[in-house]
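> just the structure for this:
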Amino acid sequence: MEDVAAAAGITKLIVYRHFGSKEDLYRAVLEQVSQRQAQVFVDNVLEGSRSLGLRTFLTVARENPDGFVLLWRHAYREPEFAAYARDFREKAVEVARTPLAAATAARPELAAWAPEMLIDLLVSAVLAWLEHGDAAADAQFLTVATAGIRSMVDSWSQDVST
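Residues are numbered from 1 along each chain as shown. Here you go, the predicted model:
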């Protein structure tokens, strides 16, 4: 809590006035990031974005990198927040299931696996880009990563029995 107060330029007392405990603060960050991610996703759908999921994740990660990492990487390791993180991930997987239905129609064995893998790939790509990429090159990242993801998704509809 001292680190949070120092980063915000306020006293620890002010932080505790708004958040009764470290857990309350943690939960507030998780909820803010997850709500923002849902809103950005809806905005991208309405705009007709071609890199929908990736753009959503990157936008939220750039706005709140620590919160994004907290939600997608650290919350799973905290017993009191693991269920929240797992539930949020399951909702993201459900959202991914519908647009992937056509790609996996010819290969039903991929129907459960593909959306799970896609969400994990999107999150991992953005986490790695946050750590190693340059914000000035975000547009190039989106272009290259989206092309790679589209190729992967396209391959799921191909006959691999030969």
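> my read: residue 123 touches residue 57, true?
Yes. Counting by Cβ atoms under 8 Å, residue 123 does reach residue 57; the two are 6.4 Å apart. (Glycine included, C-beta is placed from N, CA and C.)
> ok, these two, which is more surrounded?
Applying other Cβ atoms under 10 Å to residue 123 and residue 57 shows that residue 57 carries more neighbours, namely 26 against 20.
> quick one: contacts for the more buried one?
Residue 57 makes contact with 37, 68, 122-123, 125-126, according to Cβ atoms under 8 Å, 6 or more residues apart in numbering.
> redo those as a markdown table? Include pLDDT, distance to residue 156 and secondary structure.
Shown next, in a markdown table, are those (pLDDT from 0 to 100; distance: Cβ to Cβ, whole Å; DSSP: H, G, I helix; E, B strand; the rest coil):
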| residue | pLDDT | distance to residue 156 | secondary structure |
| --- | --- | --- | --- |
| 37 | 90 | 25 | helix |
| 68 | 93 | 27 | helix |
| 122 | 94 | 15 | helix |
| 123 | 95 | 19 | helix |
| 125 | 96 | 18 | helix |
| 126 | 96 | 21 | helix |
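> neighbour-wise, give me the winner out of those residues.
Ranked by neighbours (other Cβ under 10 Å), those are led by residue 126, which has 27 neighbours.
> skipping adjacent residues, who's closest to it in space?
What sits nearest to residue 126 in space, not counting adjacent residues and going by Cβ to Cβ, 6 or more residues apart in numbering, is residue 57, at 4.4 Å.
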